[in-house]
Structures are given as C-alpha cells and as structure tokens.
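Visitor: Sequence and predicted structure are below.
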Amino acid sequence: MAGRTARIEHLVTSGTFDLDGGSWEVDNNVWIVGDDSEAVVIDAAHDAEAIAAALGQRRLLAIVCSHAHNDHVDAAPALAARTGAPILLHPDDLPLWKQTHPDRAPDGTLTDGQRIEVAGTALTVLHTPGHSPGAVCLYGEELGTLFSGDTLFHGGPGATGRSYSHFPTIIDSIRDRLLTLPPQTVVRTGHGDSTTIGAEAPSLGEWIARGH
C-alpha cells in the first residue's frame, strides 16, 4: 500500500429527517475517503445517484453508517445495489434502521476499535452512543480527521431530544472518546461546518458540567 494517498471528498445532499412523527428539511454531509481506485462512503444520505456520480469508476469498499437516523441511511440500500458494497452499522442502532428499511438489513456490523482500511490508510471506529445507541465516529489518525456523524458539531454535542437519544450518554462519549484526541484533529460533521477538537474543547467543558 506504500505510496498511496487517501483523500477526503465532501458532498452535500438534501432531504428530510423523520422521527417521532415529525419531519424536517435537512442538508447532510456525505464523506468519501479514498484514492483514484477505491473508496468508502460515510453516511449515504438522500441521493444515491449523486454519491455514485462522485465515486465514478472507483471500487466502493463499504458504506459506513455513523448512525441509523433516516437522513443518514435513506440512500444506503440503493447505493449498495448499484455498487455491490456492504452497508455497515453498529448493531445497537438496528431498531432505528428498521424504521427506515424494515425489509433490508445491513450487511455487516461496526464494533468499537474496528479498523476500516482504504487507500493505504485506516479509519478506526469509536462507539459514541448518545445521539443514538449505536452512533459511531470514525477516526483517521493519519488523515488528522474525525468523522463525527451527529455526535459532535461546530458549537456542541448532537441533539438528544428525541427517541433513542440520551444527553448524559453523549456527554460521556464526547468527554471520554473525542476530547482525548489531538486538539488539531479536524472534525468533519454530519451537518454543517467542520471544526476541530481544540476549538470545541472549551465550550464542551460547559456542556459536560450540564450533563452531570
């Protein structure tokens, strides 16, 4: 794998987030990590055709779900059907997954500490429950990047006001799993702007105090 250079590509797709009887218009960040020959997709949101177009002729190794809220997984089966790539999800989020895809199970599981290899680099799965039970972040140490899903945003933790979410749990996840990363780590989020661990750490101290 020597000499290969993984890069990060970013796509924004639009659709709805549906939960607990409500529906909200949202823009989602879709992240592609790879090189000219292979890639992984983090969160196949809303538009399988747009994601497939961004991939081009590259081999898709996996469709990784940061969590199973519908806006992060609604295009995953269609993208899998087009590419043959497996859909990977932490099993604790299967109840949420089944709300969107009752007749199509994920192809594989994500576990804490699992390494996903692509284009000469590795993404390490960090189980970070709170926004949902099976929420995960992906840490690319060599890329200096954390893909945070909806666990951590520019400005604070992900939302915990709806079913399957729990505020003290997300605070524990951020404190124990994310604030321990190097402060210069770029945080590429599920919605909105990127940030860094160091930029978020001061305000997160206040959120942690509120959480306990």
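Guide: Good, I have the coordinates. Residues are numbered from 1 along each chain as shown.
Visitor: Which pLDDT value goes with the residue lying closest to residue 104 once chain neighbours are set aside?
Guide: Once flanking residues are discounted, residue 104 sits nearest to residue 77: 5.0 Å by C-beta to C-beta, 6 or more residues apart in numbering. C-betas here are computed from N, CA, C, even on glycine. What the model reports as pLDDT for residue 77 is 98.
Visitor: Okay, buried residues for the helix or strand harbouring residue 77 please.
Guide: Assigned by DSSP states H and E, residue 77 falls within helix 76-83. For helix 76-83, a neighbour-count test (16 or more other C-beta atoms under 10 Å) marks 76-77, 79-80, 83 as buried.
Visitor: State the distance from the residue nearest to residue 104 to residue 144.
Guide: Remark: distance between residue 77 and residue 144 (C-beta to C-beta, to the nearest Å) = 32 Å.
Visitor: returning to what we had before: how far off centre is the helix holding residue 77?
Guide: 17 Å (C-alpha atoms, centre = their mean, to the nearest Å).
Visitor: Likewise for stretch 9-28?
Guide: Distance of stretch 9-28 from the chain centroid (C-alpha atoms, centre = their mean) equals 14 Å.
Visitor: Please name the residues that touch the residue nearest to residue 104.
Guide: Contact partners of residue 77, counting by C-beta atoms under 8 Å, 6 or more residues apart in numbering, are 87, 101, 104.
Visitor: separation between it and residue 87?
Guide: In this view, residue 77 and residue 87 are 7 Å apart by C-beta to C-beta.
Visitor: Sounds good, over and out.
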